[in-house]
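Participant: need a 3D model of the sequence below.
(chains A, B, C and D)
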Protein chains: 2
Amino acid sequence: MGGYAGAMPDHHTLEETERAMKEHVDTLPLDFAAANALSSLFRAANAVRTELTNRVLRNHDMTWTGFVVLWVVWIWDGMETRHVAESADISKATLTGVVKTLESRGLILREGDENDRRLVRLRLTPEGVALMEQIYPEFNAVESEIIGNLSGNKVTTLTRALRDVVKSVETNHDVAVQDD
Amino acid sequence: MGGYAGAMPDHHTLEETERAMKEHVDTLPLDFAAANALSSLFRAANAVRTELTNRVLRNHDMTWTGFVVLWVVWIWDGMETRHVAESADISKATLTGVVKTLESRGLILREGDENDRRLVRLRLTPEGVALMEQIYPEFNAVESEIIGNLSGNKVTTLTRALRDVVKSVETNHDVAVQDD
DNA sequence: AGGAAAAAGTTTGCTTCCGAACGATCAAGA
DNA sequence: TCTTGATCGTTCGGAAGCAAACTTTTTCCT
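Facilitator: Okay, the predicted model is just below:
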């Protein structure tokens, strides 16, 4: 991936792409600021995800989604699957498959609810707990390293702006949001 | 997905999750600010991606990655495969499959390079161009709508912070970065 | 009580998604 | 020249990823 300076890069920088795009669609009334912001959003998310996967999860033979699901169930022991799916930002259908994988590795348990037999609650096995207690500090250390290059003030601003973006998307469909 | 206010939500907010996590791992020295920032990053990216997919791409029977690849080739006509993959933030292996799908729908063309027969260059068909000229304005309009809720100043700050995150990740591996 | 409607999780079918191994092609040096 | 080493795109195997259809269970209405 990128990160060059001085010499001619073998790929196109964001700035070059912006220029090329403007030439390409210069007759259309477009919002370039929005396009750049969201392009940066996806690029950042992908870069961080790849970094965390390669430096932390890979050593434990763990996928990104597998880790996220384990983390959610670690924090919210006995959570119902639909809420786990929502927290992990994946569909119920995907969760079914991921849980099957994690179950086969002895990290998670499916447990029926006695009062409502439609529900399935998820719990970590002792092995799952042990794994999370080992992985998560490593995971967070890399998170800290990545974010550590930004000043404290910038981190707060960034986090708030990202939450605003989420709120902006959800506001278009849900009932009015009024918090914060 | 979320976006409730007043009544008890059927899911956990970011703030509640933060509290639960702190209770859960309170003996460990963790960087919560970094965890919150990156959690917000993934949530924002997912929310925007889902929104754009549902409101724009779905109407044209187009997947997210398919659209991104088409967009890159639209802007950089005749680009070599490996550069398209890098620009689209996917692996070469993934690109092979996606191009196969787009090719079967008559939107993209694979074209051998005469000077270096290892290379494959990608071009849009007239149908592909027509599709992009129709979809991209719609796509950008929704981008604009999402970002439009933030003040102009905030957008600039957000974009810059996200690029800093990308740079922070890449700096750990590449040669020193010195631009901007 | 009884039947319709809603809700939870699973299955199905198809498309990403990636690392590793692979075959083909080109580049550099003896 | 030829051969060793890179480089490019593809293939393979396995795991996400989702919408839509489906089964089971619960809720709601009369």
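
Participant: residue A:145 - nearest residue in space that isn't next to it in sequence?
Facilitator: residue B:172 (7.6 Å; CB to CB, 6 or more residues apart in numbering or on different chains). C-beta: built from backbone N, CA, C; applies to glycine.

Participant: same deal with residue A:63?
Facilitator: residue A:57 is the one closest to residue A:63 (CB to CB, 6+ apart), at 6.8 Å.

Participant: again with residue A:68
Facilitator: residue A:88 (4.8 Å).

Participant: the one you found - how many residues pack around it?
Facilitator: Neighbours of residue A:88 under the rule other CB atoms under 10 Å in any protein chain shown: 21.

Participant: and what of residue A:127?
Facilitator: 12.

Participant: tell me who's in contact with it.
Facilitator: A:106, A:107 (CB atoms under 8 Å, 6 or more residues apart in numbering or on different chains).

Participant: contacts only, for the residue nearest to residue A:68.
Facilitator: Neighbours of residue A:88 in contact, by CB under 8 Å, 6+ apart: A:65, A:68, A:69, A:72, A:95.

Participant: next, count neighbours for the first one.
Facilitator: In other words, residue A:65. 17.

Participant: what's the answer for the second one, then?
Facilitator: For residue A:68, the tally of surrounding residues (other CB under 10 Å) stands at 19.

Participant: against residue A:75, how distant is it?
Facilitator: Taking CB to CB, to the nearest Å as the measure, residue A:68 falls 11 Å from residue A:75.

Participant: got it, and residue A:82?
Facilitator: Residue A:82 is 16 Å from residue A:75, by CB to CB.

Participant: next one: residue A:165
Facilitator: 24 Å.

Participant: who's more crowded, these two?
Facilitator: residue A:165 (27 against 20).

Participant: is any part of the helix or strand where the more buried one lies close to DNA strand D?
Facilitator: Counting by DSSP states H and E, the element that carries residue A:165 is helix A:152-171. No: residues of helix A:152-171 contacting DNA strand D under CB under 7 Å from any atom of the strand: none, with a closest distance of 14.2 Å.

Participant: next, the buried residues of that helix.
Facilitator: A:154-155, A:157-159, A:161-170 (16 or more other CB atoms under 10 Å in any protein chain shown).

Participant: tell me which stretches of chain A form helices.
Facilitator: According to DSSP state H, chain A carries its helices in the segments A:14-24, A:32-55, A:64-75, A:81-88, A:92-104, A:126-148, A:152-171.

Participant: for chain A, where's the lowest mean pLDDT among helices and strands?
Facilitator: One helix or strand of chain A scores below all others by mean pLDDT, DSSP states H and E: helix A:14-24, with a mean of 70.

Participant: I'd guessed residue A:146 sits against residue A:48; true?
Facilitator: Yes: between residue A:146 and residue A:48 there is a contact under CB atoms under 8 Å: 6.2 Å.

Participant: so what sits against both of these two?
Facilitator: Counting by CB under 8 Å, 6+ apart, the common neighbours of residue A:146 and residue A:48 are B:38, B:165, B:169.

Participant: redo these as a markdown table? Include pLDDT.
Facilitator: Putting those into a markdown table (pLDDT from 0 to 100) gives the following:
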| residue | pLDDT |
| --- | --- |
| B:38 | 97 |
| B:165 | 96 |
| B:169 | 94 |
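
Participant: run a quick neighbour tally on residue A:80.
Facilitator: 17.

Participant: quickly list what it is bridged to.
Facilitator: With DSSP bridges applied, the residues forming beta bridges to residue A:80 are residue A:121.

Participant: now do the contacts for the closest residue to residue A:132 other than its chain neighbours.
Facilitator: In space, residue A:132 comes closest to residue A:74 once its chain neighbours are excluded; the distance is 4.6 Å by CB to CB, 6+ apart. With contacts defined as CB under 8 Å, 6+ apart, the neighbours of residue A:74 are A:124, A:128, A:129, A:132, A:136, B:24.

Participant: from these, which is closest to DNA strand D?
Facilitator: residue A:128 (14.1 Å; CB to the nearest atom of the strand).

Participant: so who does the closest one touch?
Facilitator: A:70, A:73, A:74, A:102, A:106, A:107, A:108.

Participant: can I get those in TSV with pLDDT and distance to residue A:15?
Facilitator: Shown next, in TSV, are these (pLDDT from 0 to 100; distance: CB to CB, whole Å):
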residue	pLDDT	distance to residue A:15
A:70	98	39
A:73	98	43
A:74	97	42
A:102	98	42
A:106	97	49
A:107	98	44
A:108	98	45
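
Participant: pick out the most distant pair among those.
Facilitator: Using CB to CB, the two most remote members of those are A:74 and A:106, lying 15.0 Å apart.

Participant: measure whichever residue of chain A sits closest to DNA strand D to residue B:15 for me?
Facilitator: Of all residues in chain A, residue A:65 sits closest to DNA strand D, at 2.7 Å by CB to the nearest atom of the strand. Per CB to CB, residue A:65 is found 24 Å from residue B:15.
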